[in-house]
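A.B. asks: have a look; sequence and predicted model below, questions after that.
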Amino acid sequence: MIEQFIKKGYTIVDIEDVADIYVINTCTVTNMADRKSRQMLRKVKEKNNNAIIVACGCYAQVAREELEKISEIDIILGINEKNHIVDFVEKYMKEQQKEVVITDVMRQKEFLDFGTTAYTDKTRAVVKIQDGCDRFCSYCIIPYARGRVRSRKIESIVEEVKAIAEEGIKEIVITGIHIASYGKDFTDGTNLICLLEAINQVKGIERIRLGSLEPTLITDEFVQRLIKLEKICDHFHLSLQSGCDETLQRMNRKYTTKEFKEVVTRLRNAYPKVALTTDIIVGFPGETEEEFAKTYEYLKEIQFYKMHIFKYSPRKGTKAAIMQKQIDGKIKEERSKKLIALSEQNEKMYNAQYIGKEVEVLFEEREGKYMKGHTTNYMCVKKETKEDLTGKIEKVKITKVEDLTLIS
Ligand code: SF4
């Protein structure tokens, strides 16, 4: 959206500044996200009473009526319409008529492809390969906000990756709502590994990083083909959510802890330095002390490099929100703290093994006397130098670790 406005000659300012148009790209992943979106929409109007206020994104997509009640909003757009945001704003400028346009994303069968975009970050570019999700985890609203799986054509993705390479950008991040489902809607058998094989051939790109993956994707065959692609980063984010089978079942996740462990072993055998990261939800409805203890022990055994811990937060319209035995906030807080401590402990152990070793870093930005970047396995590294290394890949020797950052 920023690029669309810039192309038409608008100036982008900080959300805290006085502006003529405010765009709030809403999130609806939890009830809290909805509330924050509503608060923000009201707050920006106070900065300039004459400003045009646009609400778009996932919350607008699923809760049109709730947003229509907020008088401060002038334009409400769904997830597809934000791709023509400037047209809607300019129409409003002419007609001064409140506008609500939300297409039914649940009926949409094809990926809406807007081709190659402009890249503001010169070291890493995000490439979207699909939209939607068919998994319907019991806590998640996303399938309703984003619709069914729609994959972007392989040719279009490769074309975008080539354009990124031409800009001199070395790393791409493959994203989507559920990238493991890539190709599910095609009839010719094209899937994620076929796509990665095609992207791996694009000259100029040196690193391909995968966004969150569902563990069921990572079969022996998948790993055997993946390991041949030298540009794939040895960092995988596998959403586990819980280390207890009973909890996983209530979450409607499609794997067991045993299957997940097999995936971890498969990846660790294939990539010796692999960094595995994950997401965990604590305090899911019905999570007893015993269930949480199972999760804790399981996580201790797996030893992820990093874990993102989320306290379960009910989302209206999902099955989990109306489940019995919702967990008290204090218990969620305690469980979250325990897992955060475990995560930090793991991260320290993982980082410590690199002291005295050489690593390859893609440098991204300056931070005081340091240049900062990441390794293929996504460790954050800082090197003291006056040279501008932005966008360059260099080998550096790690001398120490400070605040979970490796220093060269
Ligand atoms: S797989 Fe991810 S996006 Fe899909 S329903 Fe589950 S949590 Fe939501």
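C.D. replies: Looks like it arrived, so ask away.

A.B. asks: so which bits of the protein are right by the ligand?
C.D. replies: Cys133, Arg135, Phe136, Cys137, Cys140, Ile142, Pro143, Ile177, His178 (Cβ under 6 Å from any ligand atom). Every C-beta, even on glycine, is put in place using the N, C-alpha and C of the backbone.

A.B. asks: what's the spacing between Lys47 and Lys372?
C.D. replies: 33 Å (Cβ to Cβ, to the nearest Å).

A.B. asks: which parts of this structure are helices?
C.D. replies: For the chain, applying DSSP state H gives helices covering 2-7, 31-47, 58-62, 64-68, 85-95, 142-146, 154-166, 192-200, 220-226, 245-250, 257-270, 289-302, 329-352.

A.B. asks: with mean pLDDT added, can I get these in TSV?
C.D. replies: Below are these laid out as TSV (pLDDT from 0 to 100):
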stretch	mean pLDDT
helix 2-7	88
helix 31-47	92
helix 58-62	93
helix 64-68	92
helix 85-95	95
helix 142-146	92
helix 154-166	94
helix 192-200	97
helix 220-226	97
helix 245-250	98
helix 257-270	97
helix 289-302	98
helix 329-352	96
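
A.B. asks: tell me which of those sits most buried.
C.D. replies: helix 58-62 (a mean of 26; mean count of other Cβ atoms under 10 Å).

A.B. asks: can you tell me what sits against that one?
C.D. replies: The contact list for helix 58-62, computed with Cβ atoms under 8 Å, 6 or more residues apart in numbering, reads 26-29, 33-34, 37, 66-67, 76-79, 102, 105, 141-142, 144-146, 317.

A.B. asks: what does stretch 177-195 give?
C.D. replies: For stretch 177-195, using Cβ under 8 Å, 6+ apart, the contacting residues are 109, 129-135, 142, 146, 148-151, 154, 157, 176, 210-214, 216-217, 222, 225-226.

A.B. asks: just give the nearest non-adjacent residue to Lys162, would you?
C.D. replies: Of all residues not flanking Lys162 in the chain, Val202 sits nearest, at 5.5 Å (Cβ to Cβ, 6 or more residues apart in numbering).

A.B. asks: that neighbour: neighbouring residues, count only.
C.D. replies: Number of residues near Val202 (other Cβ atoms under 10 Å) recorded here: 20.

A.B. asks: and the pLDDT for it?
C.D. replies: With respect to pLDDT, Val202 scores 97.

A.B. asks: which residues does it contact?
C.D. replies: Val158, Val161, Lys162, Ala165.

A.B. asks: what about 6 Å?
C.D. replies: Residues near Val202 by Cβ atoms under 6 Å, 6 or more residues apart in numbering: Val161, Lys162, Ala165.

A.B. asks: what does Lys357 give?
C.D. replies: Counting by Cβ under 6 Å, 6+ apart, Lys357 has contacts Ile398.

A.B. asks: mind checking how far it is from the ligand?
C.D. replies: 35 Å (Cβ to the nearest ligand atom, to the nearest Å).

A.B. asks: got the phi and psi for that residue?
C.D. replies: Dihedral angles of Lys357 (phi, psi; degrees, to the nearest 10) stand at phi -100, psi 160.

A.B. asks: again with Ile12
C.D. replies: Per degrees, to the nearest 10, the backbone of Ile12 is at phi -90, psi 130.

A.B. asks: with adjacent residues omitted, what lies nearest to it?
C.D. replies: Ile2 (5.7 Å).

A.B. asks: and if you look at Ile169?
C.D. replies: That would be Ala125: by Cβ to Cβ, 6+ apart, it lies 4.9 Å from Ile169.

A.B. asks: tell me how far the one you found lies from the ligand.
C.D. replies: Counting by Cβ to the nearest ligand atom, the gap from Ala125 to the ligand is 23 Å.

A.B. asks: residues near that residue, how many?
C.D. replies: Number of residues near Ala125 (other Cβ under 10 Å) recorded here: 22.

A.B. asks: my guess is it meets Val173, correct?
C.D. replies: No: with contact defined as Cβ atoms under 6 Å, Ala125 does not reach Val173; the gap is 7.3 Å.

A.B. asks: which neighbouring elements make contact with the biggest strand by length in the chain?
C.D. replies: The longest strand of the chain (DSSP state E) is strand 358-367. Strand 358-367 is packed against strand 370-374, strand 393-397, with contacts defined by 3 or more Cβ pairs under 6 Å, 6 or more residues apart in numbering; DSSP states H and E.

A.B. asks: mean neighbour count, those: which tops it?
C.D. replies: For these, the largest average neighbour count (mean count of other Cβ under 10 Å) is found in strand 370-374, namely a mean of 22.

A.B. asks: from the contact counts, what lies against that one?
C.D. replies: Strand 370-374 packs on strand 358-367, strand 380-384, going by 3+ Cβ pairs under 6 Å, 6+ apart.

A.B. asks: which residue does the stretch 301-408 of the chain bring closest to the ligand?
C.D. replies: Closest residue of the stretch 301-408 of the chain to the ligand, Cβ to the nearest ligand atom: Thr318 (9.2 Å).

A.B. asks: for that residue, grab the count of nearby residues.
C.D. replies: 19.
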